[in-house]
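[1] what's the 3D shape of this:
(4 chains)
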There are 2 protein chains.
Amino acid sequence: MLYAVFMSSVLPPFPEPPEPLDAPQLLEVGTAGGETEPCLRADAARNRARLLEAAARLIAEHGVAGVTMEAVAAAAQVGKGTVFRRFGDRTGLLTALLDHSGRRLQADFMSGPPPLGPGAPPLMRLRAFGVAVLYRSAEQLDLQLAAQPEPNRRFSHPAHGALRTHVTMLLRQIVPDGDCELLAQTLLASLDPALIHHLTRQRGMPMERLEAGWLDLVARVTRTQA
Amino acid sequence: MLYAVFMSSVLPPFPEPPEPLDAPQLLEVGTAGGETEPCLRADAARNRARLLEAAARLIAEHGVAGVTMEAVAAAAQVGKGTVFRRFGDRTGLLTALLDHSGRRLQADFMSGPPPLGPGAPPLMRLRAFGVAVLYRSAEQLDLQLAAQPEPNRRFSHPAHGALRTHVTMLLRQIVPDGDCELLAQTLLASLDPALIHHLTRQRGMPMERLEAGWLDLVARVTRTQA
DNA sequence: AACCTAAACGGACCTCGGTCCGGATCGTTC
DNA sequence: GAACGATCCGGACCGAGGTCCGTTTAGGTT
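    Got it, this is the predicted structure:
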């Protein structure tokens, strides 16, 4: 499959893990002139796009394992240092590839239509949220797995933070008493791509079972009925 | 701290991840002569012990990060190839260091005294189990984190399998209806060392809160009272 | 005791992620 | 349009994990 991601890639993605280098990107984007959106130098932006495109192509051709930093650099006709300057490390690059769907998911549950977005009762939103995450992860499993940073940073990643905040917020509306932060972490842990991978590919559970499992789990945790 | 681990290390540990090489270890141990316990050649066993000892020393001196395969080999006055032959990879070595406490925990909940071991009601055992795992992980957090294999193998590891089986078994007694396998995975996920690390060290939650969180989670999942 | 084979050993070698810094570029300023 | 400084680029370089294969040795056999 082709991760049609790099199209939106001229604009910087997520906060994107602590830009590794000394604070670059200080110019303003010209079109509107008002936003404080950090912007890259023209050549940098061009290279960024080319790198993402190259990475996506490599994935399509050789799988995630084929995405070597040097290979990506070569495919984009760019120096290796440039890749690291732009994305920090391999995880950063892979994460940038996931950025598109990540942002869409985030937009969906923050301001999209019910049952995912606001408007539906919290419990329903929570149910829908898990299912959405589940299927999104299932689609891009390999990439999700490969993009997983070393254990330390896994949870501090901004994307994870957004999900956590959202789930916590929903939980607070459903079970005002109770340690919602902790419960949120637990719920999210049960949607961990690595776990999904294990359950589906190694233990052969069908997605329907995982989905049912999520609904059941939510019911139990919120002490509502299944 | 010193991981007093390598004392029992002349005997092979856990099933230990798929011994990487072509099936070695075919001799029988001399004392009893009856068991099918795989046994290493004398020199191999000696080197194994020396490697574990060296690794433990390195950890004590320079932290987990100081445990380089080459450093361990050098400290044990052994070739690098030997380290890999014996432990497969870095993860294998680190896992072997955890083996001692892992086995003890396993023995505790499989045949130890209540409330962890058999004899206590399942619900109580489950509660105790989580608390035990929690504190064990907290003690050896660094090592646990470093020993975490790439996402794929995390759940297929035999040690994890043992825990999973146990929790599943307890759950079946408590909530006979319900997808106990899935619930078990979820419960275990909430005890993941990486998560504990994040909650305690990065978000500053005290262990008491995690402990309370576990008890609450168990109560909710089993639909019993807190 | 000599012999023989499976197993273990060692360290050169490869790959890949990540760092560094001299030199090229962009975009601004005057 | 020329000068200038911040930013970026490139690729040599490093360290660590992991592989390979020729050599050595344990330990059973005759």
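[2] contacts, neighbours, all on C-alpha from now
    Will do.
[3] Check which helix or strand the residue in chain A that DNA strand D sits nearest to maps to.
    Closest residue of chain A to DNA strand D, CA to the nearest atom of the strand: A:G81 (2.8 Å). Here A:G81 is covered by helix A:80-87, with elements defined by DSSP states H and E.
[4] any idea how far the helix or strand following that helix is from the chain center?
    The C-terminal neighbour of helix A:80-87 among helices and strands, as given by DSSP H and E, is helix A:90-111. Helix A:90-111 sits 4 Å away from the centroid of its parent chain (CA atoms, centre = their mean, to the nearest Å).
[5] Only the buried residues of helix A:90-111, if you could.
    Buried residues in helix A:90-111, counted by 16 or more other CA atoms under 10 Å in any protein chain shown: A:90-102, A:105-106, A:108-109.
[6] That helix and DNA strand C in contact?
    Yes. Counting by CA under 7 Å from any atom of the strand, DNA strand C has neighbours in helix A:90-111: A:90-91.
[7] So for that helix, mean pLDDT?
    The pLDDT scores in helix A:90-111 average 95.
[8] That one versus helix A:80-87: what angle between them?
    Using axes from the mean of the first three to the mean of the last three CA atoms, to 10 degrees, the inter-axis angle of helix A:90-111 relative to helix A:80-87 is 30 degrees.
[9] Show me what the helix or strand that helix A:90-111 is followed by is in contact with.
    As assigned by DSSP H and E, the chain's next helix or strand after helix A:90-111 is helix A:122-139. With contacts defined as CA atoms under 8 Å, 6 or more residues apart in numbering or on different chains, helix A:122-139 is touched by A:105, A:109, A:114-118, A:144, A:167, A:170-171, A:173-174, A:191, A:193, A:196-197, A:211, A:214-215, A:218.
[10] Please work out how many residues are found near A:H197.
    By other CA atoms under 10 Å in any protein chain shown, the residues close to A:H197 number 22.
[11] let me fix that: A:T82
    Counted with other CA under 10 Å, residues neighbouring A:T82 total 15.
[12] residues in contact with it?
    A:A73.
[13] 10 Å instead?
    A:44, A:47-48, A:51, A:73, A:88 (CA atoms under 10 Å, 6 or more residues apart in numbering or on different chains).
[14] Neighbour-wise, which one of these leads?
    In terms of neighbours by other CA under 10 Å, the contacts of A:T82 top out with A:L51 at 27 neighbours.
[15] any idea of the pLDDT on it?
    95.
[16] Is the host helix or strand of A:I59 positioned near DNA strand D?
    A:I59 is part of helix A:42-62 when elements are defined by DSSP H and E. Yes. Interface with DNA strand D: helix A:42-62 contributes A:43-47 (CA under 7 Å from any atom of the strand).
[17] And those residues, which is the shakiest by pLDDT?
    Lowest in pLDDT among the residues of helix A:42-62 next to DNA strand D is A:A44, which has 87.
[18] Can you tell me how far that one is from chain B?
    Noted for A:A44: a distance of 32 Å to chain B, by CA to the nearest CA, to the nearest Å.
[19] hang on, the earlier thing: pLDDT value on the residue of chain A closest to DNA strand D, please?
    You'll see A:G81 listed with a pLDDT of 94.
[20] Report how many residues lie close to it.
    12.
[21] I'd say it and A:A74 touch.
    No. Using CA atoms under 10 Å, A:G81 is not in contact with A:A74, being 11.2 Å away.
[22] before we move on, the earlier item: which strands or helices does the helix holding A:I59 pack on?
    With contacts taken as 3 or more CA pairs under 10 Å, 6 or more residues apart in numbering or on different chains; DSSP states H and E, helix A:42-62 sits against helix A:69-75, helix A:80-87, helix A:90-111.
[23] Quick check: buried residues in it?
    Buried residues in helix A:42-62, defined by neighbour count with 16+ other CA under 10 Å: A:44-45, A:47-59.
[24] Which residue ranges make up the domains of chain A?
    A:6-90, A:112-221 (automatic domain parsing).
[25] weakest of those in terms of mean pLDDT?
    domain A:6-90 (a mean of 72).
[26] rewinding a little: which one among the residues of helix A:42-62 next to DNA strand D gets closest to B:T224?
    Nearest to B:T224 among the residues of helix A:42-62 next to DNA strand D: A:A45, at 56.0 Å, using CA to CA.
[27] my read: the closest one touches A:R86, true?
    Yes. A:A45 is within contact range of A:R86, at 9.3 Å (criterion: CA under 10 Å).
[28] list residues touching both of those two?
    Joint contacts of A:A45 and A:R86 (CA under 10 Å, 6+ apart) are A:L51.
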